[in-house]
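J.: The following comprises the amino acid sequence and a computationally predicted model.
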Amino acid sequence: MASFLDKAISAVNEAKESVTATAESVGASLTDAQKTAAASAETVTTSLTEARETAAASAETVKRSLTDAGETAAASAETVKTEAAAAPENVSTQARSVVDNALAKGIEGAKSWLHGIEEKKTDISSKIVDVATKAVAGASSSTTVASRDVPISTDNQPLLAGERGAETTPWWKNCCGVLDLLKTSTSK
């Protein structure tokens, strides 16, 4: 029974030492946390102080810039007033004449530009019609040659797989409205 008591006392002592070590570790951790919190508070305080100083310097710079801008605007206004007073009275008549001349030249230039564009449009349209005519003529002659080379089906079955009775249109008939363009140009 004595050995049982010795073992129990030994276990209690080990538990006591473990609790003491844990308490010391927790105490050290708390001390470290307090030190870290104090350092963080000091850093925040320093940052806030620096931010306040920067804001004050920026406000002073803005204030100086606004003052300089106001002085510059006042000087410019005074210069304009002086120059306006020194200008001859017929400036408005001269300015009106200059503006009228510039507008007349601008209108003439615009008319000339539009005329040039219309000429180019007509030239391009005729080129398109020529190309389309040649393409249709070439396609119709190749269709004639191709139709002679293709054997005629005697059992009324389509030569190519597809829907029965579906009418297929050659690509050149659907391409960009070439036939419509030719029809309208020849009917005029």
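T.: Sure thing, it's come through.
J.: Below-threshold pLDDT in the chain: ranges please.
T.: 1, 86-91, 135-188 (pLDDT under 70).
J.: Quick one: the helices in it, in order.
T.: 2-86, 91-149, 171-174, 178-187 (DSSP state H).
J.: Also compute the angle for the longest one relative to helix 91-149, please.
T.: Right, helix 2-86. For helix 2-86 against helix 91-149, the angle by axes from the mean of the first three to the mean of the last three CA atoms, to 10 degrees is 120 degrees.
J.: please renumber so the chain begins at 30
T.: With 30 as the first residue, the last one maps to helix 31-115.
J.: For helix 31-115, which helices and strands make contact with it?
T.: Identification of packing neighbours for helix 31-115 by 3 or more CB pairs under 8 Å, 6 or more residues apart in numbering; DSSP states H and E yields no helix or strand. Heads up, the C-betas are built off the backbone N, CA and C, glycines and all.
J.: Could I get the helices of the chain in a markdown table, plus columns for mean neighbour count?
T.: Below are the helices of the chain laid out as a markdown table (neighbours: other CB atoms under 10 Å):
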| stretch | mean neighbour count |
| --- | --- |
| helix 31-115 | 10 |
| helix 120-178 | 11 |
| helix 200-203 | 12 |
| helix 207-216 | 12 |
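J.: Next, find the distance separating Ala67 from Leu77.
T.: Distance, Ala67 to Leu77, by CB to CB, to the nearest Å: 16 Å.
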